[in-house]
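# what's the 3D shape of this:
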Amino acid sequence: MNTVGLFFALLAIIGWSAYPTLVSKFGGKPVQAIFGATWGTLIVAIVLVLVQHLSIPTGMNFWLAAFSGAAWAFGNVLTIAAFGMKDKDGNALGSAKAMPISTAFQITANVLWGVIMLGNWGSTTARLIGAVAVIVILIGAYLTTYQEKATAGNKELLLKAIGVLLIAQVGYSLYGILPQYTHHTDGMHMFLPQAIGMAAFGLILAIVEVIKNHNNVFAQSITYKQIFSGFFFAIAALGYLVSAQPAMLGLATGFVLSQVSIVGATVSGILVMKTHKTAKEWAIIIVGLIMIVVGASTTAFL
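Numbering: from 1, shown residues only. The predicted model follows:
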């Protein structure tokens, strides 16, 4: 077990536990959330480079990292849009429901790529245990979306959100996969190029919003409040980028462990946004969260 890799995975868990709830709490349009998050990440990345005196990757290493960052921003803006999707009665989906669905998609895609293409979990036994662990995590993620009195509108909203989150998964997959193909560099050095890609995407979206919709998001305080949420994402992104490196935990284990953050994101999303849950709903959600933790913890030993 790589203890340094586990430490950085823990950073990812903490950061991603807080990030989606803060995004929902601050509010605003998805473009404001993505601009704030990406520029908050860029600020942290610049500070890290200056403090640690890190060199900046060049050539293909730089572009792979930068494009992976832009891909994440693409996926995240769609995920944030899913947070605010509403049913016919005006009830928003919220981060507490959207994040487990997104987590299920991300775990499936990244584990399959890590195992099939990158050779993670090399032995047959490791792959069998890992497959069971992922299935447990997916079932747990499904249970966290349980609603005792689901209406037709709720189900229709959930199906629409699944469609949006499937498209978002393309960006999230590239975010996890592309850094695996860099050479002679590591997660710490790739963090700034990745943040540059994120911030560039966020800036382009904000400019389009100003030009197309005549909505000057640069003059609105919510846009800059979202930078604070970006600080938490930056902690998570750095932790994940380092822990998922082949010399640390690898993509399959590093990513699955980082998704334990769904526990914090789900519970904080319910409490902070004051979403009413019945005793039965809480019980099933807690069972689902326990399954996620158990399944993810198992992968740390593969």
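# CA atoms for contacts and neighbours, from now on please.
OK.
# Can you tell me the element residue 172 falls in?
Per DSSP states H and E, residue 172 falls inside helix 152-177.
# Now that helix: buried residues?
Buried residues in helix 152-177, counting neighbours by 16 or more other CA atoms under 10 Å, are found at 154, 157-158, 161-162, 164-166, 168-177.
# what about the stretch 151-300 of the chain, any weak spots by pLDDT?
The stretch 151-300 of the chain contains residues with pLDDT under 70 at 151-153, 251-252, 255, 259, 272-274, 300.
# Which stretches in it count as strands?
In the stretch 151-300 of the chain, no strands are found when defined by DSSP state E, counting those that start in this stretch.
# Contacts only, for residue 100.
Contacts for residue 100 (CA atoms under 8 Å, 6 or more residues apart in numbering) come out as 141, 142, 144, 145, 262, 266.
# Over to residue 192?
For residue 192, the contact set (CA under 8 Å, 6+ apart) comprises 42, 45, 46, 49, 56.
# any idea how far the first one is from residue 79?
For residue 42, the distance to residue 79 under the criterion CA to CA, to the nearest Å works out to 20 Å.
# Number of residues surrounding residue 108?
Using other CA atoms under 10 Å, residue 108 has 18 other residues around it.
# wait, what's in contact with it?
Applying CA under 8 Å, 6+ apart to residue 108 gives the contacts residue 134.
# Quick check on the contacts of residue 192: which are buried?
Members of the contacts of residue 192 classed as buried by 16+ other CA under 10 Å are 42, 45, 46, 49.
# list the contacts for the first one?
Contact criterion CA under 8 Å, 6+ apart gives 192, 195, 196, 198, 199, 234 as the residues in contact with residue 42.
# My read is that the fourth one contacts residue 38, right?
Yes. The criterion here is CA atoms under 8 Å, and residue 198 meets it with residue 38 at 5.3 Å.
# Compare these two (neighbour count), which wins?
Taking other CA under 10 Å, residue 198 and residue 38 do not tie; residue 38 has more neighbours (31 against 28).
# Next, find the distance separating the more buried one from residue 234.
Using CA to CA, residue 38 is found at 8 Å from residue 234.
# ok, now residue 227?
Note on residue 227: its distance to residue 234, by CA to CA, is 10 Å.
# Which of the buried ones among the contacts of residue 192 sits closest to residue 294?
Of all these, residue 45 has the smallest distance to residue 294: 32.1 Å, by CA to CA.
# That closest one: which element?
Using DSSP H and E, residue 45 falls within helix 30-52.
# so for the helix or strand just after that helix, what's the average pLDDT?
Next along the chain after helix 30-52, taking DSSP H and E as the criterion, comes helix 59-83. Here helix 59-83 scores 91 as its mean pLDDT.
# so what does helix 59-83 touch, helix or strand wise?
helix 30-52, helix 95-116, helix 152-177, helix 187-213 (3 or more CA pairs under 8 Å, 6 or more residues apart in numbering; DSSP states H and E).
# and of the ones you listed, who's closest to residue 281?
Residue 281 lies closest, by CA to CA, to one member of the helices and strands packed on helix 59-83: helix 95-116, at 12.4 Å.
# give me phi/psi at the residue in the chain sticking out farthest from the centre?
Using CA atoms, centre = their mean, the residue of the chain lying farthest from its centre is residue 214. It sits 29.9 Å away. Main-chain torsions, residue 214, degrees, to the nearest 10: phi 50, psi 40.
# Just the helices from the stretch 201-302 of the chain, written as ranges.
Taking DSSP state H, counting those that start in this stretch as the test, the helices found in the stretch 201-302 of the chain are 221-243, 250-258, 261-272, 279-299.
# looking at those helices, which is buried most?
Neighbour counts (mean count of other CA atoms under 10 Å) averaged over each of the helices of the stretch 201-302 of the chain peak at helix 250-258, with a mean of 28.
# what about stretch 180-192, how long is it end to end?
End-to-end span of stretch 180-192 (CA to CA): 16 Å.
# from the chain's centre, how far out does it sit?
19 Å (CA atoms, centre = their mean, to the nearest Å).
# Can you point out the buried residues in it?
Residues of stretch 180-192 classed as buried: 180, 182, 186, 187, 188, 189, 190, 191, 192 (neighbour count, 16+ other CA under 10 Å).
# same deal with stretch 73-92?
Along stretch 73-92, these residues count as buried under the neighbour rule (16+ other CA under 10 Å): 73-87, 92.
# what's the first-to-last distance across that stretch?
For stretch 73-92, the end-to-end distance is 22 Å (CA to CA).
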